[in-house]
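The sequence and its predicted three-dimensional model are supplied below.
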Amino acid sequence: MSPVNGLGALLGAPVQVAYLVTDVEAAAHAWCRDFGAGPFFVRRHIELVDVMYRGRPGTFDHSSAYGQWGSLMVELIIDHGRSESPIRDVYGPDETGLHHLAFVVDDLHDVANSLVGHGYEIAMSARTVAGTEFHFVDTTATHGHMLELYERSDRLTNFYAKVAAAARHWDGNEPVGTLE
């Protein structure tokens, strides 16, 4: 086995794989049926603040469903907007597919600066209203998808643990719910 180097050494293993979909609930049901992933929790119109799209103020109106697939979280995203966004950078309004891999890092800004130093661009930066900051890094030219970076925090760790715990005790019933 070869030693981990390059982006793998900087980022570690992904904690999430995310797909753009046209209907989060229908996609969540399909993931439950086809892959045994779940249960999924839907959060609609996730409120963000301090959105910067490619260096200028932006917006990002989206909804997501979060579920567990083995050791990996799956995020199913719908972009409600039609304007520039990290979603629209990759897919048109009616297209679907793999959008990003997410990573939790110890120092968000240090890792983002390292990626910029490697020639990648920060497509979007934002914060949730609860204070979780994240970046989408454009690696589409080299990897075919974006990267999403989060800084490790208790709030984020608890969120991932909640979704994973629901999967451990899930009996296959009620595959899609809401997230508060």
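Received it, and whenever you're ready, just let me know what you need. Residues are numbered from 1 along each chain as shown.

and stretch 115-134, how far from the chain's centre?
From the chain centre to the centre of stretch 115-134 is a distance of 12 Å (CA atoms, centre = their mean, to the nearest Å).

let me redo that: stretch 38-58
10 Å.

mind listing what's buried in that stretch?
Within stretch 38-58, the residues that count as buried by 16 or more other CB atoms under 10 Å are 38, 39, 40, 41, 42, 43, 48, 51, 53, 58. The way it works is simple: take the backbone N, C-alpha and C, and place the C-beta from them, glycine included.

can you put those in a markdown table and add secondary structure, distance to residue 111 and pLDDT?
Listed next are those as a markdown table, based on DSSP: H, G, I helix; E, B strand; the rest coil; distance: CB to CB, whole Å; pLDDT from 0 to 100:
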| residue | secondary structure | distance to residue 111 | pLDDT |
| --- | --- | --- | --- |
| 38 | coil | 30 | 96 |
| 39 | coil | 31 | 97 |
| 40 | strand | 28 | 98 |
| 41 | strand | 27 | 97 |
| 42 | strand | 29 | 97 |
| 43 | strand | 25 | 95 |
| 48 | strand | 20 | 96 |
| 51 | strand | 20 | 97 |
| 53 | strand | 20 | 98 |
| 58 | coil | 21 | 95 |
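
gap between the residue nearest to residue 54 when sequence neighbours are not counted and residue 86?
Spatial nearest neighbour of residue 54, excluding adjacent residues (CB to CB, 6 or more residues apart in numbering): residue 123 at 6.2 Å. For residue 123, the distance to residue 86 (CB to CB, to the nearest Å) stands at 4 Å.

for residue 97, same thing?
Distance from residue 97 to residue 86, by CB to CB: 14 Å.

So between those two, which is more surrounded?
Neighbour tally, residue 97 and residue 86, criterion other CB atoms under 10 Å: the higher count belongs to residue 86, 25 against 11.

which ones are touching the nearest residue in space to residue 59 that is not next to it in sequence?
In space, and not counting its chain neighbours, residue 59 is closest to residue 51: 5.8 Å by CB to CB, 6+ apart. By CB atoms under 8 Å, 6 or more residues apart in numbering, the contact set of residue 51 is 57, 58, 59, 60, 124, 125, 126.
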